[in-house]
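S.K.: Any chance you could fold what I've pasted below:
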Amino acid sequence: MELAYIPSPSRGVIHLGPVPLRGYAFCIIIGVFVAVWLGNKRWIARGGRAGTVADIAVWAVPFGLIGGRLYHVITDYQLYFSEGRDWVDAFKIWEGGLGIWGAIALGALGAWIGCRRRGIPLPAYADAVAPGIAFAQAIGRWGNWFNQELYGRPTDVPWALEITSSTDGRVPGTYHPTFLYESLWCIGVALLVIWADRRFKLGHGRAFALYVAAYCAGRFWIEYMRVDDAHHILGLRLNNWTALIVFLLAVTYIVVSAKKRPGREAVVEPGAEASGGDADGEGEGGTDADAEKAEAGSSDAEADSPEAEADSSDAEDEKTASNEAGSAKKS
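M.R.: Got it, this is the predicted structure:
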């Protein structure tokens, strides 16, 4: 008999009259709002305009949802296109099933389109929103709890997850709550990126790459614990291989980028006034703006000085001529 466990909700949807409120969708929506809110604060601190992150998110979020769903359907096609399955279920995103790999890939494409329309460098935008994305994943993983899905091996630890549903091959019992493990890991990743960005002044996409690498490291061991059906290659689940490859690519990017483009972008949004701070609020953006103004003022002063000398010289010539004229009259 288990002394303690995490209970699963009896249902994942609540109806307010004819309107269904689904826990999975609710978690995703909250996560998006958190990502945009935090990304906006970091973007302003880097010298960007308020509202820019939300404007670009209008492109990134739909692309991300489509990409996440496509990755899930393609890698788990047997759930929708095998015998006895209804292919229409592939469009029922509210029932769960988003692949983070596809969400990030296509979401990045949407963000690139939004950034290009505003003349903003995508790496700078990615650095600003990276911690928010990790927090959004931490919140979104609780959608799996509402759907009683993506749990780990059977266990009797005090924090075990109780599964009560027997649909789609589930076996009621207590299992490792891998959704909780990943949620906590994502919170740690977000805090790591915020700290590293403050400590090392990460720029040119390196904060985002750090988020990717750190997430992949955790996803590898969490994925290894899961027991849901998945394709295997050389004894490892497909997502394990994906996490490993993406981790290596992210680390390589950090190393190469640091050598080729050290430091941080001086300007993240053309035409935006510096708002007085960088990602850690120390005022680096304001300092750069003041320096530019000071240089401009100095240049103006230097440009004006010859004119001032010329005016002074003209005045002396006029005074001399006047004195000579007066002397001539007296003589």
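S.K.: going forward, measure contacts and count neighbours with C-alpha atoms only.
M.R.: Will do.
S.K.: Strands of the stretch 201-331 of the chain, residue ranges please.
M.R.: 232-233, 236-237 (DSSP state E, counting those that start in this stretch).
S.K.: pLDDT below threshold where in the stretch 201-331 of the chain?
M.R.: Applying pLDDT under 70 to the stretch 201-331 of the chain picks out residues 273-331.
S.K.: how about the helices in it?
M.R.: In the stretch 201-331 of the chain, the helices defined using DSSP state H, counting those that start in this stretch lie at 206-225, 238-260, 284-330.
S.K.: Who are the packing partners of the shortest one?
M.R.: Helix 206-225 is packed against helix 122-140, helix 178-200, strand 236-237, helix 238-260, with contacts defined by 3 or more Cα pairs under 8 Å, 6 or more residues apart in numbering; DSSP states H and E.
S.K.: hmm, try it at 7 Å
M.R.: Using 3 or more Cα pairs under 7 Å, 6 or more residues apart in numbering; DSSP states H and E, the elements in contact with helix 206-225 are helix 122-140, helix 178-200, helix 238-260.
S.K.: Out of those helices, which is the most enclosed?
M.R.: Burial of these is given as mean neighbour count (mean count of other Cα atoms under 10 Å); helix 122-140 ranks first at a mean of 25.
S.K.: That one vs helix 206-225, what angle?
M.R.: Put simply, helix 122-140 runs at 30 degrees to helix 206-225, going by axes from the mean of the first three to the mean of the last three Cα atoms, to 10 degrees.
S.K.: Show the average pLDDT along helix 122-140.
M.R.: Here helix 122-140 scores 97 as its mean pLDDT.
S.K.: Quick check: the gap between residue 39 and residue 52.
M.R.: Residue 39 sits 10 Å away from residue 52, going by Cα to Cα, to the nearest Å.
S.K.: tally of neighbours for residue 18?
M.R.: Other residues near residue 18 come to 6 when the count uses other Cα atoms under 10 Å.
S.K.: Show the pLDDT at residue 159.
M.R.: So residue 159 comes in at 94 (pLDDT).
S.K.: So it versus residue 9, what's the distance?
M.R.: Taking Cα to Cα, one finds residue 159 at 15 Å from residue 9.
S.K.: Pick the most deeply packed of the strands of the stretch 201-331 of the chain.
M.R.: Ranked by mean neighbour count, with mean count of other Cα under 10 Å as the criterion, the strands of the stretch 201-331 of the chain are topped by strand 236-237 at a mean of 15.
S.K.: which other helices and strands contact it?
M.R.: Helices and strands touching strand 236-237, as assessed by 3+ Cα pairs under 7 Å, 6+ apart, are absent.
S.K.: That'll do, ta.
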